[in-house]
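*Asks:* Coordinates only, no sequence provided:
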């Protein structure tokens with residue numbers, strides 16, 4: 001005979017699966033919509049991202065729609081979390097210059113982050129499971145109960161090299177206020193974005209030595225950022241306090 005707890009767990013699992021399906025459908029529809037909007041320009045954009053000069057000429061030929069389409073591409077990259085964002089940031093610097101490229105990246109990052117956070121707040125963990133494996137999601141579970149989660153989020157977003165799309169998605173599972181999360185997921189990307197756009201701008205203006213220095217320095221800082229991220233997540237998951245707090249919250 002099934003107990004009440006068994007039924008509750010079964011219902012919870014069923015609801016979770018339903019939410020995951022709904023979230024998956026919504027994301028697929030969003031991807032199809034963006035794909036439809038970018039059908040005639042999306043493929044050229046992706047191809048020309050590897051040829052910055054042609055990309056610049058193409059963007060300039062589109063007038064005001066060039067920056068708009070670029071922002072759509074960045075939003076798409078944030079939604080489809082496994083696509084790397086750094087190449088697009090470098091292209092932004094090459095095509096639009098450091099200032100305009102950085103502003104465009106921050107604007108697109110803000111819109112993309114708002115969309116992601118809305119989906120996660122609406123459908124929960126199921127959204128993360130579409131893109132990230134269980135191990136990556138579990139490595140951040142301590143952030144739900146940590147008393148310093150806001151500071152940790154700020155640090156991890158400010159440091160280049162950390163998985164910001166994963167952090168953005170997971171932020172939606174925490175109780176951090178939505179305005180603060182949007183601020184962190186947008187403004188705190190600035191150090192990572194500015195290093196890429198400065199390097200891209202240097203390439204676009206023929207300052208190749210300076211570009212190499214910028215990218216080399218960025219690579220070193222990113223490597224340090226990865227180490228910091230691994231240390232923080234390892235310490236967080238091993239912390240008995242965070243585990244105890246999480247167990248208490250479930251009671």
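*Replies:* Right, received. Where do you want to start? These figures come from a predicted structure and were not determined experimentally.

*Asks:* rest of the way, CA atoms for contacts and neighbours
*Replies:* Noted.

*Asks:* confidence score at residue 30?
*Replies:* Residue 30 carries a pLDDT score of 61 in this model.

*Asks:* next one: residue 237
*Replies:* pLDDT, residue 237: 69.

*Asks:* ok, now residue 145?
*Replies:* On pLDDT, residue 145 comes in at 83.

*Asks:* With residue 97 instead?
*Replies:* Per the predicted model, pLDDT is 90 at residue 97.

*Asks:* need the contact list for it.
*Replies:* 197, 198, 200, 201 (CA atoms under 8 Å, 6 or more residues apart in numbering).

*Asks:* just the residues you listed now: which is nearest residue 189?
*Replies:* Closest approach to residue 189 among the contacts of residue 97 (CA to CA): residue 197, at 12.2 Å.

*Asks:* coming back round to it: redo the contacts of residue 97 as TSV? Include secondary structure, distance to residue 223 and pLDDT.
*Replies:* Formatted as TSV, the contacts of residue 97 follow (DSSP: H, G, I helix; E, B strand; the rest coil; distance: CA to CA, whole Å; pLDDT from 0 to 100):
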residue	secondary structure	distance to residue 223	pLDDT
197	helix	19	93
198	helix	19	94
200	helix	20	89
201	helix	23	91
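
*Asks:* Count the residues that sit near residue 199.
*Replies:* Residue 199 has 29 neighbouring residues, counting by other CA atoms under 10 Å.

*Asks:* Show me which positions of stretch 65-83 end up buried.
*Replies:* 66-67, 69-81 (16 or more other CA atoms under 10 Å).

*Asks:* for stretch 145-156, same thing?
*Replies:* 145, 146, 149, 150, 153, 154, 155, 156.

*Asks:* want to try a markdown table for the contacts of residue 97, with distance to residue 96 as columns?
*Replies:* Output for the contacts of residue 97, formatted as a markdown table (distance: CA to CA, whole Å):
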| residue | distance to residue 96 |
| --- | --- |
| 197 | 9 |
| 198 | 11 |
| 200 | 9 |
| 201 | 8 |
